[in-house]
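**Q** Sequence and predicted model, in that order:
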Amino acid sequence: MRTKLHEQLDDLTDRLALMCHLAGEAIGVATDALVQADLPLAEQVFDLNEQIEGARGPCEDQAMALLALQAPVAGDLRQVVTGVHLVSDLSRMGGLAQHVAASVRRRHPNHVTSGEAEELLTRMGRVATELAGLAEQVLRGRDPELAAELGRRDDELDDLHRRLLTLIQDPTWEGTIPTAVDVTLLGRFYERFGDYTVVVGRRVIFLVTGEQLTP
């Protein structure tokens, strides 16, 4: 019975890691679409998010079935409960990537922004993509030290976000008000995406150690 439970828990982990992989792919493609003002790329992000949402239901159903039928305890119970929370976190990551793509779709065929603002957003997108890849590794390997690294790497994203806000608040910045709104929202989407990867790391640390970390 325990062997079957662990096989099912491993399968749940694989499903969650796939959701994380898709979210990372989505934010990467969304960033490419942003830089290139490429509508077909933006549409790919919507397709990727549909895949993420399609995986959400089976993950939730599997977790609920494990709770109801297998009666997990101790570390196994932590893994199931953590999985339930992670499904929502990973779904939100996909949603944030879709928000970036929606900005591209809304402004097409024009670029959402240009110059230094676009450069900063591009860097934020690259860091967000790397964070998602790291989060996937954490989910698969359950390494607390690697999980803690997510928080340190997210500091880079936060710094870029601060620089972006400073830029558009500068009186000499030549962007329009609509562009400033778009850039502010995009910066927030990337910043929140990074935050969710940190949450993934904290949940894995809790799973492995039982230690509940505060933000």
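**A** Now that the structure is in, tell me what you want to look at.

**Q** what's the spacing between the residue nearest the centre of the chain and Gly141?
**A** Among the residues of the chain, the one closest to the centroid is Met93, at 3.4 Å (CA atoms, centre = their mean). Note on Met93: its distance to Gly141, by CB to CB, to the nearest Å, is 19 Å. (Each C-beta comes from the backbone N, C-alpha and C, glycine too.)

**Q** same deal with Pro58?
**A** Pro58 is 23 Å from Gly141, by CB to CB.

**Q** Do I have it right that the residue nearest to the centre of the chain meets Leu22?
**A** No. In this structure Met93 lies outside contact range of Leu22 using CB atoms under 8 Å: 9.0 Å.

**Q** So for the two, which residues contact both of them?
**A** Ile52 (CB atoms under 8 Å, 6 or more residues apart in numbering).

**Q** In the protein, mark out all the strands, start to finish.
**A** With strands called from DSSP state E, the chain shows none.

**Q** what stretches of it score poorly on pLDDT?
**A** 1-2, 5, 68-75, 211-215 (pLDDT under 70).

**Q** Which parts of it are helices?
**A** 2-36, 39-65, 74-107, 115-141, 144-169, 177-209 (DSSP state H).

**Q** What residues of the shortest one count as buried?
**A** Along helix 144-169, these residues count as buried under the neighbour rule (16 or more other CB atoms under 10 Å): 144, 146-151, 153-154, 157, 160-161, 164-165, 167-168.

**Q** cool, and the first one?
**A** Of the residues in helix 2-36, those buried by neighbour count under the rule 16+ other CB under 10 Å are 5, 8-9, 12-13, 15-35.
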